[in-house]
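> predicted model and sequence below, questions to follow.
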Amino acid sequence: MVYTYSVVITGFAARLTAEEVADMKSMDGFLYAHPEKIRPLHTTYTPHLLGLDQYNSLWQHSSKGEGIIVGVFDTGIVPKHPSFADPTGLPEPPLKWRGRCDLPSDSDACSNKLIGAQHFMDQRWETPIDTTGHGTHVAGIAVGSPVYDADVNGLASGTASGMAPSAHLAVYKVCQNRGCPDSNGLKGMEQGILDGIDVIQISNGAPEKFYLSGNIKGTFRAVDNGIIAVCSAQNSGPTPSIISNDAPWIITVGAASTDRRETAVLRLGNGMEFIGESAYQPKPSGVVDLPLVYPGVKDTDLTLACQEGSMIGFNVTGKIVLCGIGFNDPVEKSKIVKKAGGAAMVVMNQVWDGDTVWAHPFVIPAIRVRNSDALKIVNYFRNEKNPTGTITFRDTEYGTRPSPTVATFSSRGPSMHNGGILKPDVIAPGVNILSAWAFDVSPNATSGGAAKPDTFNFASGTSMAAPHVSGIVALLKKSHPTWSPAMIKSALMTTAYMVDRDGQRITDDGSNKREPANAFAIGAGHVNPTAANDPGLVYDTRVDDYIPYLCGLKGLMSISVGVITNRRVSCAKKMEAKDLNYPAILVSIGAGSKNVSVPRTVTNVGLPSSTYKASVIEPNGVKVEVIPNNLKFESVGEEKNFTVELTLRGNPPGKKDVWEGRLNWVSENHKVSSPIVVIAK
């Protein structure tokens, strides 16, 4: 026996042979068994970027999250890092807190900042200490205390702060280098529920049917207990429909770029210049008119990606080496190039990496460039007799354009498992995010990186986007303690924005053509914390409403729904996904279903006496009517029902078409905005 469960599920985790599982199936009370699965793991600037430090901001309305407990379910924590210190003297955690601190004796004890640390790794020698950096980075983004003069190798210097810097942190180590076993995650979430956390932060997962997912099952029980669950969408973009944590009770977060760049420039011998990024920028760079060499001319995985041994047969001494992304970490590539005598390196995005560029702490002068530029660089190398290049560095630059954009890697919908709920819900900063780290990332660091409890690093992924939102959720929970998890999600979605800093539709890095991002990439839009604090109206969903929704999903029967919810369930009542009271509308229309009716209910959380009028941007080829098109409220908490009628005007959408519109409820003081998405049936 490994674990027993009573909250998130009723059951246990054990090491059993196939024969033992077969025997167990004949026992009274047996419902279901499935094998263990390992889930892959999915700032000095972003608080300012998101407007948290501005006048009348959400920080001011929420005491920066004071008294809210955020549970981070990840790879653990570096407890001595200054991001988790308590320099301002936070109050003690609320009386409901029942967690514990299992840090080893040689580490700093817990405090009023880091109030709990436990591990669920099924090894007696394990501790909550982070040995990968991932969990520490995630926790720093969500709730890190302010740390002055934070930087990465001298770049992006400023005050590093989490989204909710005064919130309490509870750490549950459920992951390690190889990923996150479901059994650990479920036990960790069960403990978090019992401990009294307010927010669940998860940056791992895999796309699969709900009854097979530990995250889906665990978060349902959390939401049933009033806990808000925030999860990353996964890093499988731009391919559609590879998205995880896609249940409607989860806030699913995709990744966006910011307008900060750690700018490096490659100038070729023919005068062409390409802008990229690097988190190691020596001055002077010493890379001036050096010859280019490209091991990838051999067209093997080894040489294209500059793996160990790929330099054999090439004279790279004193040259700039061209390397493709893939197979090994970009920093590892720089170590291989340095070992072979190379002076510098250009890391080139593949087509699936698109235009999203990461800033890596290389060990030699280097630059990472987008795919469209990589093609031009390789073409120059192949056609120039004596190709040369120069790399220069511009330090940290702000206000770059376009910004924000949807990161190439950010997973996209439509979900293959949730029946027609728009995912992701929102996007948030997730590219080159500076936060706490576990190891030295300087160019002189020892191999593997020495443990260093005051280091910061850049990291990218939906793993970094999700904790931005979990921190913001903590602020909203503090500002609105009576709001349900669904109300908080609605506030985030209906106040999100769809345009970049130039007023244009946010674009998609994954298109390689700067095309506008569709709803399955951007969700309801980019998170807007201060606006979310005053949404006007919200779409609330009661936990019991998820039961008929689950019963309506294809292939789910009462037993499966019971496994997901840890309840005794009868699927006598079913609901289509479109009828769930969600802050977005996604419908399928075909030749045989030209008319679709979508019911919704909104709750007034704004001014007691207010009137809202429906304003609709119709999707291509679809007539939209809102009945009634005026909603008049007399009190806070009052609910109003309405129906959205969608009628096909002509031919239905094709299989790859995504027709988008918008439903806006507009009053004198608020605009409550929801995406309308129409796809083929």
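Yep, it's here.
> list the buried ones in whichever strand or helix holds residue 646?
Taking DSSP states H and E as the criterion, residue 646 maps to strand 639-648. Using 16 or more other CB atoms under 10 Å as the burial criterion, the residues of strand 639-648 that qualify are 640, 642, 644, 646, 648. Every residue, glycine included, has its C-beta placed from N, CA and C.
> possible to save those as TSV with pLDDT?
Formatted as TSV, the buried residues of strand 639-648 follow (pLDDT from 0 to 100):
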residue	pLDDT
640	98
642	99
644	98
646	96
648	93
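> possible to save the residues you listed as TSV with distance to residue 233?
Output for the buried residues of strand 639-648, formatted as TSV (distance: CB to CB, whole Å):
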residue	distance to residue 233
640	31
642	29
644	26
646	26
648	30
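> next secondary structure element downstream of the strand holding residue 646?
Following strand 639-648 toward the C-terminus (DSSP H and E): strand 659-666.
> give me the pLDDT for the residue nearest to residue 160 when sequence neighbours are not counted.
Nearest residue to residue 160, sequence neighbours excluded (CB to CB, 6 or more residues apart in numbering): residue 150, at 3.6 Å. At residue 150, the model reports a pLDDT of 94.
> given the helix or strand that contains residue 150, what are its sheet partners and their directions?
Element membership for residue 150, per DSSP H and E: strand 147-152. Counting by DSSP bridges, the strands paired with strand 147-152 are strand 155-160 (antiparallel).
> mind listing what's buried in the strand holding residue 150?
Residues of strand 147-152 classed as buried: 147, 150, 152 (neighbour count, 16+ other CB under 10 Å).
> just list whatever residues bridge to the second one.
In other words, residue 150. residue 158.
> give me the most central residue, this structure.
Nearest to the mean C-alpha position of the chain, by CA atoms, centre = their mean, lies residue 462 at 2.9 Å.
> ok, back up a step: show me what the strand holding residue 646 packs onto, helices and strands only.
Packing partners of strand 639-648 (3 or more CB pairs under 8 Å, 6 or more residues apart in numbering; DSSP states H and E): strand 585-589, strand 595-604, strand 622-627, strand 630-633, strand 671-680.
> export these to CSV and tack on mean pLDDT and mean neighbour count?
Putting the helices and strands packed on strand 639-648 into CSV (pLDDT from 0 to 100; neighbours: other CB atoms under 10 Å) gives the following:
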stretch, mean pLDDT, mean neighbour count
strand 585-589, 95, 22
strand 595-604, 97, 18
strand 622-627, 97, 16
strand 630-633, 98, 18
strand 671-680, 97, 22
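> on that earlier part again, give me the pLDDT value at the residue nearest to the centre of the chain.
97.
> hmm, it is touching residue 244, no?
No - under the criterion of CB atoms under 8 Å, residue 462 makes no contact with residue 244, lying 9.2 Å away.
> any common contacting residues for the two?
42, 232-234, 411 (CB atoms under 8 Å, 6 or more residues apart in numbering).
> of those, which belong to strands?
The members of the shared contacts of residue 462 and residue 244 that map onto strands under DSSP state E are residue 232.
> lowest-confidence one in the shared contacts of residue 462 and residue 244?
For the shared contacts of residue 462 and residue 244, the pLDDT minimum is residue 42, 42.
> would you map out the domains in this protein?
Following automatic domain parsing, one gets these domains for the chain: 38-258+404-532, 261-396, 581-680.
> between the shared contacts of residue 462 and residue 244, which is closest to residue 508?
residue 411 (12.7 Å; CB to CB).
> list the residues that contact that closest one.
207, 233-237, 242-244, 254, 424, 462.
> which one (most neighbours) among those?
residue 233 (38 neighbours; other CB atoms under 10 Å).
> for it, list the residues it contacts.
42, 243-246, 252-255, 410-411, 423-424, 462, 465-466 are the contacts of residue 233 under CB under 8 Å, 6+ apart.
> rerun at 10 Å
42, 203, 205, 207, 242-246, 250, 252-255, 409-413, 423-427, 430, 461-463, 465-466, 521, 523 (CB atoms under 10 Å, 6 or more residues apart in numbering).
> equivalent analysis for residue 310, please.
Counting by CB under 10 Å, 6+ apart, the residues that residue 310 touches are 295-296, 298, 300-304, 316, 321, 323, 327-328, 333, 336-337, 340.
> and if you look at residue 571?
Contacts of residue 571 by CB under 10 Å, 6+ apart are 547-548, 550-553, 556-562.
> may I see the PyMOL selection of the buried members of those?
Selection of the buried residues among those in PyMOL, burial being defined by 16+ other CB under 10 Å:
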select buried, resi 547+548+550+551+552+553+556+560+561+562
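> pLDDT, secondary structure and distance to residue 596 added to the contacts of residue 571, as a markdown table?
Listed next are the contacts of residue 571 as a markdown table, based on pLDDT from 0 to 100; DSSP: H, G, I helix; E, B strand; the rest coil; distance: CB to CB, whole Å:
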| residue | pLDDT | secondary structure | distance to residue 596 |
| --- | --- | --- | --- |
| 547 | 97 | helix | 23 |
| 548 | 97 | helix | 18 |
| 550 | 97 | helix | 21 |
| 551 | 96 | helix | 20 |
| 552 | 95 | coil | 15 |
| 553 | 95 | coil | 18 |
| 556 | 90 | coil | 22 |
| 557 | 89 | coil | 26 |
| 558 | 92 | helix | 27 |
| 559 | 91 | helix | 31 |
| 560 | 91 | helix | 27 |
| 561 | 94 | helix | 25 |
| 562 | 92 | helix | 30 |
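> closest to residue 471 among the contacts of residue 571?
residue 550 (29.4 Å).
> wait, the closest one touches residue 220, no?
Yes - in this structure, residue 550 is within contact of residue 220 by CB atoms under 10 Å, at 9.0 Å.
> now the common contact residues for the two.
210, 247, 564-565.
> thinking again about what came up before, among the contacts of residue 233, the buried ones, what's the ChimeraX command?
Buried subset of those, written as a ChimeraX selection, criterion 16+ other CB under 10 Å:
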select :42,203,205,207,242,243,244,245,246,250,252,253,254,255,409,410,411,412,413,423,424,425,426,427,430,461,462,463,465,466,521,523
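> okay, and which of the contacts of residue 233 map to helices?
462-463, 465-466, 521 (DSSP state H).
> just the closest of these to residue 227, please.
residue 466 (15.1 Å).
> quick one: the closest one and residue 235 touch, right?
No - using CB under 10 Å, residue 466 is not in contact with residue 235, being 11.3 Å away.
> list residues touching both of the two?
Shared contacts of residue 466 and residue 235, counting by CB under 10 Å, 6+ apart, come down to 42, 203, 254-255, 430.
> now, which of those residues sits nearest residue 80?
Nearest to residue 80 among the shared contacts of residue 466 and residue 235, with distances taken as CB to CB, is residue 203, at 22.1 Å.
> in this protein, where is pLDDT below threshold?
1-3, 5-44, 106-108, 122-125, 446-451 (pLDDT under 70).
> just to revisit the earlier point, return the member of the shared contacts of residue 466 and residue 235 nearest to residue 588.
Using CB to CB, the shared contacts of residue 466 and residue 235 come closest to residue 588 at residue 254, 21.9 Å.
> for that closest one, give the beta-bridge partners.
residue 427.
> next up, the contacts around it.
Counted by CB under 10 Å, 6+ apart, residue 254 has contacts 232-235, 237, 243, 406-407, 409-413, 423-428, 430, 462, 465-466, 517, 520-523, 526.
> now with 6 Å?
233, 410, 424, 427 (CB atoms under 6 Å, 6 or more residues apart in numbering).
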